[in-house]
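J.: Mind looking at a prediction? Sequence and model below.
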Amino acid sequence: MEFTPRLNLMNWLVSQGLTGLPENDMLRGFCERCRAEGLDLSRGLVFIDTLHPIFEGRGFRWNDTETNESDIFEYGSTSAGDAAQNWRRSTFFHMLEHGHDEMQIDLADCASLDFSMIDDLAGKGHRHFVAFVHRFGETGTIGQMDCVYSYWLTRRPDGFSEQGLSALRDLVPLLGLAIKSAAQVDIARTLGRVYLGRDASEQVLRGRISRGVTERINAVLWFSDLRGSTAISENMTPDEIIPFLNDYAQAAIDAIHDAGGDVLKLIGDGVLAMFTGEDMAAARRGALRAEHRFRHNMSTLNARRSAEGRPTTSAYVGLHVGEVFYGNIGSDDRLDFTVVGPAVNEVSRIASMCGSVDREFLASADFRAGLDSAGRGNLVSTGRFALRGIGRAQDLYTLDPVIAADEAAAGRYERYLET
């Protein structure tokens, strides 16, 4: 590849990196432009570790022929099991262990090599393999994201020319920089969703980070906590407590997210969430749907934990609706994007009343009043109560016991939730 097309491709990589072109599209565009300028690529693969609660990293593929491979893949931990063995047999592990930044393999003469993938690539007609590891400096590292890995193949009988290798050495670092930039955006979004919640994360990433910037919103509020968790935890070994809490938090969070809610805060074994929207009746129904799914999730979870001989529990859920302040609260250098207001205190008090009235679910009169007639018919009063710290007494409601006892009633309730 001559100097001018090489420079044009460099400029293209910079511009697409700045505009945020998706990584798989960037890799495809890069490979196609290389081929148009005489660099006869047949396959390209780039991957980068990330900072994610589930995945260790993401990768991107391009081929010169149609395959059944996805052009994007995510991979889990490579620290144990088959994944660890495959990683240790890879060219990239070999390069890291020996301090190499580049490695070339003649695929016509690779029978003696014990690297994973190599025989398969040779069998598909590729002729020459070159791999790169582009390392980051200490200040450019985030978690395990400390370098960009890539390999490149050609089917040319005599392999990559020196000019072709020179072009790759010039161009791949720019591609790596663009992919690193995209990965950092992905990490920011992941951390925001994981630690702030989905909607709060989007608000922050759109620039709402000033202290005291809040808005008044009407929201359906959810507060749940585990039944008897303190006593259960006291009888556990320390290494059992976190998995116990994680299992039940997952059951609640999955149910809330599936029903369109946003989890705002985890408070020990408690979960604070909200359901919003222009149609508050639909938000109320979404909260009821989440409560129903939470019970199903816990039933499945408890069956599994019981079979494993591990402690089980149930949970209390309170639902309320009211006006809250939603936004940034805290100090100049430590903010929380959350909801505050009397309604937040009230929903936690409602949940805490569940034990007193021997019900796992309670909803406020304000919550029930905003439901349609079918929804109101599914809730029955448990009595009128003065809640601790709340200036007014109110009626609290729970699901009609007939729903749990009668199959036809249960079916009607489930159909109502899905409308």
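T.: Structure's in. What do you need?
J.: Quick check: mean pLDDT of the one helix or strand residue 204 maps to?
T.: Here residue 204 sits within helix 198-205, counting by DSSP states H and E. Mean pLDDT, computed over helix 198-205, is 84.
J.: hey, where'd the helices end up in the stretch 201-350 of the chain?
T.: All helices of the stretch 201-350 of the chain, identified by DSSP state H, counting those that start in this stretch, fall at 229-234, 238-258, 280-307, 342-352.
J.: quick one: which of those has the weakest pLDDT on average?
T.: helix 229-234 (a mean of 87).
J.: Using neighbour counts, pick out the buried residues of it.
T.: 229, 232-233 (16 or more other C-beta atoms under 10 Å). Backbone N, C-alpha and C define where each C-beta goes, glycine included.
J.: closest to residue 345 among the residues you listed?
T.: residue 229 (20.9 Å; C-beta to C-beta).
J.: list the contacts for the nearest residue in space to the closest one that is not next to it in sequence?
T.: For residue 229, ignoring the flanking residues on the chain, the nearest one in space by C-beta to C-beta, 6 or more residues apart in numbering is residue 269 at 4.5 Å. The contact partners of residue 269, by C-beta atoms under 8 Å, 6 or more residues apart in numbering, come to 225-226, 229, 245, 248-249.
J.: same thing but at 10 Å, please
T.: Contacts were defined as C-beta atoms under 10 Å, 6 or more residues apart in numbering; by that measure residue 269 touches 224-227, 229-230, 232-233, 244-245, 248-249, 252, 313, 315.
J.: Now do the SS call for residue 70.
T.: Using DSSP: H, G, I helix; E, B strand; the rest coil, the structure places residue 70 in coil.
J.: how many other residues sit next to the closest residue to it other than its chain neighbours?
T.: Closest residue to residue 70 apart from its sequence neighbours, by C-beta to C-beta, 6+ apart: residue 61 at 7.4 Å. Residues lying near residue 61 (other C-beta atoms under 10 Å) number 18.
J.: out of the helices of the stretch 201-350 of the chain, which comes closest to residue 381?
T.: helix 342-352 (13.5 Å).
J.: other SSEs contacting that closest one?
T.: Contact here means 3 or more C-beta pairs under 10 Å, 6 or more residues apart in numbering; DSSP states H and E; on that basis helix 342-352 packs against strand 214-226, strand 262-267, strand 270-275, strand 315-331, strand 361-364, helix 365-369, strand 379-386, strand 393-399.
J.: nearest to residue 41, of the ones you listed?
T.: strand 262-267 (44.0 Å).
J.: what inclination does that closest one have with respect to helix 342-352?
T.: Using axes from the mean of the first three to the mean of the last three C-alpha atoms, to 10 degrees, the inter-axis angle of strand 262-267 relative to helix 342-352 is 60 degrees.
J.: which residues does the nearest residue to residue 260 once chain neighbours are set aside contact?
T.: Excluding its sequence neighbours, the residue lying closest to residue 260 (C-beta to C-beta, 6+ apart) is residue 286, at 4.7 Å. Listed by C-beta under 10 Å, 6+ apart, the contact set of residue 286 reads 220, 222, 256, 258-261, 275-277, 279, 417.
J.: so how far is residue 317 from residue 286?
T.: The gap separating residue 286 from residue 317 is 14 Å, by C-beta to C-beta, to the nearest Å.
J.: for this structure, what's the longest helix?
T.: helix 162-196 (DSSP state H).
J.: distance between that helix and the chain's centre?
T.: Chain-centre distance of helix 162-196: 20 Å, with C-alpha atoms, centre = their mean, to the nearest Å.
J.: Same check on stretch 259-269?
T.: Computed by C-alpha atoms, centre = their mean, the chain-centroid distance of stretch 259-269 equals 14 Å.
J.: ok, now stretch 342-353?
T.: Between the centre of stretch 342-353 and the centre of its host chain there is 29 Å, according to C-alpha atoms, centre = their mean.
J.: do the same with stretch 124-143
T.: Relative to where its chain is centred, stretch 124-143 has its mean C-alpha point 25 Å off (C-alpha atoms, centre = their mean).
J.: if we can go back for a sec, and residue 338, which of the helices and strands packed on helix 342-352 is closest to it?
T.: Here strand 262-267 is closest among these (C-beta to C-beta), at 5.2 Å.
J.: buried residues in the closest one?
T.: Per 16+ other C-beta under 10 Å, strand 262-267 contains these buried residues: 262-266.
J.: tell me the average confidence for it?
T.: 92.
J.: Run the angle between that strand and helix 238-258 for me.
T.: Orientation check (the same axes, to 10 degrees): strand 262-267 against helix 238-258 gives 160 degrees.
J.: Restrict strand 262-267 to CA atoms and write it as PDB.
T.: The C-alpha trace of strand 262-267 is given here as PDB (Å, rounded to 0.1, in the frame of the first residue of the first chain):
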ATOM      1  CA  ASP A 262     -35.600   1.100  37.000                       C
ATOM      2  CA  VAL A 263     -33.600  -0.100  40.100                       C
ATOM      3  CA  LEU A 264     -32.300   3.000  41.900                       C
ATOM      4  CA  LYS A 265     -30.500   1.600  44.900                       C
ATOM      5  CA  LEU A 266     -29.500  -1.500  46.700                       C
ATOM      6  CA  ILE A 267     -29.600  -1.000  50.500                       C
END
